[in-house]
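Peer 1: with the sequence up front, the predicted model follows.
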Amino acid sequence: MASVSLGLWIAVGGRYEPEPVSGVSHFIEHMLFKGTRRRSAEQISQDVEGIGGYLNAFTSEDHTCFYSKALKDRFDDLADVLFDMLLESRFSPVDIRREREVIREEVAMYLDQPQQHVQEVFNEIMWPGHALGRPLTGTFQSIDRIHRRTMVEFLGRHYNSASLVVAAAGALDHETVVKTIRRHTRRLPTSVRQSFDPYPTERTQPSVRLVTKSTEQSQIALGFRACSRTDPRRFAVRLLNIVLGENMSSRLFQLIREDRGLVYSIYSGPSFWSDVGDLVISAGLDAEKIEPVLRLVFRELRHLASSPVSRAELQRAHDYAVGQMDLSLENTENHMMWLGEQLITTGRLPSVDAARRELSRVTPADIRACAQAFLRPERAALAVVSPMRSDRPLRRLLGL
């Protein structure tokens, strides 16, 4: 390949944060772009973009990743910039004050986007009283509590040798990569990898939250507790999701958009963490159509639980999953993401061939069993952002 991609993965994210300073991982992610002892914020960008590459980062519930991509002869340059950011960032009080306002604008932007807002409301009611239910960006209140000392102490606890995975993909020689990385990691503090609080309880009854807002289009997020990223059933959940709502061939898209014309968008997607997971169905639609759409969704969920999918439908879902995986791994950035996420979250690296084999073993009975186990009303959470005034119709649909 012509390119190389490099990622520094740290085992810390929203799940590791005390509630009063929720959003601190995301705040630190921003600050690592604001200048080091050797580089200004502008120089950080120039030193990667000036060689034809790009630089980015993201924060998730259980990890943070800083990554870059450039032509294959620029690996050492990418490593130098990323490790400089990781190990030598200044955390200037002036930059912190300025970036706090930037993040407040980011939070406000998400609140003004109903499609994003409904997902955050959904998380809050799906994982009540837990870090998984809090927004990764934090809130206006928590952001105001985060100061330089907060970040430096959090960085000291979590950004260390035990928490770091370095992933690289592309036109690279392994030993050369190891030699380059070792040069930088000598400066990493040694410590132990921190843990997080697992989600403590099962769901015993459904929950509903309506946010009444003057919008032209309503947004709904209906989700169910599912399995963790290490549960063998995750492969069946992956194929169940493709059958249900992942693409334009899915049952929900064909039934609700194509056949009935009731929505602009409808799709579903699973999330897997080390101890829990969920599967969420999302849609954008007119407020008057929420009830009929939800009835159709529940009808389809009951159908999945009562009748096995056909062999032909299962084969299409399998071929789609394998095809998407193989196509994504043609890209060095996606390949690096596959390596890094697997290692940082599970501590091991299952091969692509092993994933293909597991997907090929899923049967119609496995998908039906997952639908019966997970897509039950008492495991449901429904969030709606809409001009509608009362949640009574929504509560009735969930038997509340």
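Peer 2: Alright, I've got the coordinates.

Peer 1: now do the same contact list for residue 373.
Peer 2: Contacts for residue 373 were tallied using C-beta atoms under 8 Å, 6 or more residues apart in numbering; they are residue 233. (Each C-beta comes from the backbone N, C-alpha and C, glycine too.)

Peer 1: which SSE is it in?
Peer 2: Using DSSP states H and E, residue 373 sits within helix 364-374.

Peer 1: next structured bit after that helix?
Peer 2: Per DSSP H and E, the first helix or strand lying C-terminal to helix 364-374 is strand 380-386.

Peer 1: return the distance of that next one from the chain's centre.
Peer 2: Relative to its chain's centre, strand 380-386 lies at 19 Å (C-alpha atoms, centre = their mean, to the nearest Å).

Peer 1: so residue 399 makes contact with residue 382?
Peer 2: No. Contact criterion C-beta atoms under 8 Å: residue 399 and residue 382 do not qualify, at 11.5 Å.

Peer 1: anything in contact with each of those two?
Peer 2: Listed as contacting both residue 399 and residue 382 by C-beta under 8 Å, 6+ apart are residue 206.

Peer 1: of those two, which one has the most company?
Peer 2: Just comparing residue 399 and residue 382: by other C-beta atoms under 10 Å the higher neighbour count belongs to residue 382, 27 against 10.

Peer 1: what sits against the residue most central in space within the chain?
Peer 2: With distances taken as C-alpha atoms, centre = their mean, the chain has residue 60 as the residue nearest its mean C-alpha position (5.6 Å). With contact set as C-beta under 8 Å, 6+ apart, residue 60 has these partners: 13-14, 136.

Peer 1: and the helix holding residue 373, what's buried?
Peer 2: Using 16 or more other C-beta atoms under 10 Å as the burial criterion, the residues of helix 364-374 that qualify are 364, 366-371, 373-374.

Peer 1: helices along the stretch 201-350 of the chain, start to end?
Peer 2: Secondary structure of the stretch 201-350 of the chain (DSSP state H, counting those that start in this stretch): helices at 234-241, 251-252, 290-306, 311-328, 332-346.

Peer 1: dump those helices to CSV, plus distance to residue 145.
Peer 2: Shown next, in CSV, are the helices of the stretch 201-350 of the chain (distance: least, C-beta to C-beta, whole Å):
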stretch, distance to residue 145
helix 234-241, 36
helix 251-252, 41
helix 290-306, 37
helix 311-328, 39
helix 332-346, 27
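
Peer 1: ok, back up a step: out of the contacts of residue 60, which is most surrounded?
Peer 2: Among the contacts of residue 60, residue 14 has the most neighbours (other C-beta under 10 Å), with 26 neighbours.

Peer 1: that residue against residue 25, yeah?
Peer 2: Yes. At 6.2 Å, residue 14 and residue 25 qualify as touching, with contact defined as C-beta under 8 Å.

Peer 1: what touches both of the two?
Peer 2: 59, 136.

Peer 1: ok, residues contacting stretch 101-109?
Peer 2: Contacts of stretch 101-109 (C-beta under 8 Å, 6+ apart): 23, 26-27, 30, 135, 137-140, 143.

Peer 1: of the residues you listed, buried ones?
Peer 2: Using 16+ other C-beta under 10 Å, the buried members of those are 23, 26-27, 30, 135, 137-138, 143.

Peer 1: just the ones in helices from those residues, please.
Peer 2: Using DSSP state H, the members of the buried ones among the contacts of stretch 101-109 that fall in helices are 26-27, 30, 143.

Peer 1: between those, which sits nearest residue 292?
Peer 2: Distance ranking of these against residue 292, using C-beta to C-beta, places residue 26 first at 38.1 Å.

Peer 1: leaving out sequence neighbours, find the closest residue to the closest one.
Peer 2: Nearest residue to residue 26, sequence neighbours excluded (C-beta to C-beta, 6 or more residues apart in numbering): residue 59, at 4.5 Å.

Peer 1: residues in contact with that neighbour?
Peer 2: 13-14, 25-26, 29, 136.

Peer 1: quick check: bridge partners of it?
Peer 2: Residue 59 has these beta-bridge partners by DSSP bridges: residue 64.

Peer 1: what pLDDT does the model give it?
Peer 2: For residue 59, the pLDDT comes out at 97.

Peer 1: now residue 254
Peer 2: Value for residue 254, per-residue pLDDT: 97.

Peer 1: please renumber the chain so that the first residue is 8 from this point on.
Peer 2: Okay, using 8 as the starting number, the last item reads as residue 261.

Peer 1: would you mark the buried spots in stretch 303-313?
Peer 2: Judged by neighbour count using 16+ other C-beta under 10 Å, the buried positions of stretch 303-313 are 303-305, 307-308, 311-312.

Peer 1: format these as JSON lines; extra columns: pLDDT and distance to residue 337.
Peer 2: Output for these, formatted as JSON lines (pLDDT from 0 to 100; distance: C-beta to C-beta, whole Å):
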{"residue": "303", "pLDDT": "97", "distance to residue 337": "37"}
{"residue": "304", "pLDDT": "97", "distance to residue 337": "35"}
{"residue": "305", "pLDDT": "96", "distance to residue 337": "39"}
{"residue": "307", "pLDDT": "97", "distance to residue 337": "33"}
{"residue": "308", "pLDDT": "97", "distance to residue 337": "35"}
{"residue": "311", "pLDDT": "97", "distance to residue 337": "32"}
{"residue": "312", "pLDDT": "97", "distance to residue 337": "37"}
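
Peer 1: what would the residues you listed look like in a markdown table with distance to residue 231?
Peer 2: Below are these laid out as a markdown table (distance: C-beta to C-beta, whole Å):
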| residue | distance to residue 231 |
| --- | --- |
| 303 | 16 |
| 304 | 11 |
| 305 | 11 |
| 307 | 13 |
| 308 | 8 |
| 311 | 11 |
| 312 | 11 |
